[in-house]
Structure formats: structure tokens, C-alpha cells
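Asker: Attaching a predicted model along with its sequence, questions to come.
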Amino acid sequence: MVNILKIVILKIIGMLPDSPISSYLDNVNADFFDYLNWFLPIDVCGMIFGVWLICIGIFYIYLIIKQITKLIIEGIAKAASIATFFV
């Protein structure tokens with residue numbers, strides 16, 4: 001099963017076109033990226049962006065859990081009020 005999935009993924013990746021940027025990067029001087037990284041540390045920016053995404057994900061999971069518990073508590077409260085109405 002894993003081999004079939006691996007073959008399917010490789011076939012799908014094989015159908016994708018080559019990168020349009022690779023031909024431009026072959027002609028670029030590599031020293032430029034060193035200077036650019038000194039002014040704009042891309043690795044640090046990527047790490048900060050990843051941590052930010054994790055925090056936003058945790059926040060949205062918190063909101064979903066909060067809404068679910070609110071619905072459960074309101075449902076229990078409504079059931080209790082209906083039960084006391086008939087007593």
C-alpha cells in the first residue's frame with residue numbers, strides 16, 4: 001500500500017512543470033545572497049513566521065474548543081430548564 005502511494009505521488013510530481021526560477025538563479029552571483037541575508041536574515045524570518053503560524057493555529061484551536069464547550073454548557077442548561085418546567 002505504501003509503495004502504491006509512493007508511486008502515485010512520484011507520478012504526480014513528475015507531471016508538474018520545472019521551476020521557472022531555476023534558469024534565472026543559474027545566472028545570479030551567489031555573493032549577492034550573502035549580502036542580502038546580512039540585511040534581511042531570511043532564516044530568522046522563516047523561523048519567526050513558523051512560530052507565528054503555530055501560535056495562530058493554537059489560537060484557532062482554542063476558539064473552536066471554546067465554542068464547543070459553550071454549546072455543550074448551553075445545551076445542558078436548556079435541558080435542565082426544560083426538565084424543571086415539567087416538574
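Answerer: On my side now, so go ahead.
Asker: and Phe49, what element?
Answerer: Phe49 belongs to helix 42-85 when assigned by DSSP states H and E.
Asker: could you say what helices and strands that helix packs with?
Answerer: Judged by 3 or more C-beta pairs under 8 Å, 6 or more residues apart in numbering; DSSP states H and E, helix 42-85 is in contact with no other helix or strand. Backbone N, C-alpha and C define where each C-beta goes, glycine included.
Asker: repeat that with 10 Å
Answerer: helix 30-39 (3 or more C-beta pairs under 10 Å, 6 or more residues apart in numbering; DSSP states H and E).
Asker: Which residues does the helix it packs on contact?
Answerer: Under the criterion C-beta atoms under 10 Å, 6 or more residues apart in numbering, residues 25, 29, 42-44 lie in contact with helix 30-39.
Asker: go on, stretch 57-66?
Answerer: Residues contacting stretch 57-66 (C-beta under 10 Å, 6+ apart): none.
Asker: can you tell me the average pLDDT over that stretch?
Answerer: Mean pLDDT, computed over stretch 57-66, is 97.
Asker: Would you mind measuring from Val43 to Gly50?
Answerer: Not Val; residue 43 is Asp. Distance, Asp43 to Gly50, by C-beta to C-beta, to the nearest Å: 11 Å.
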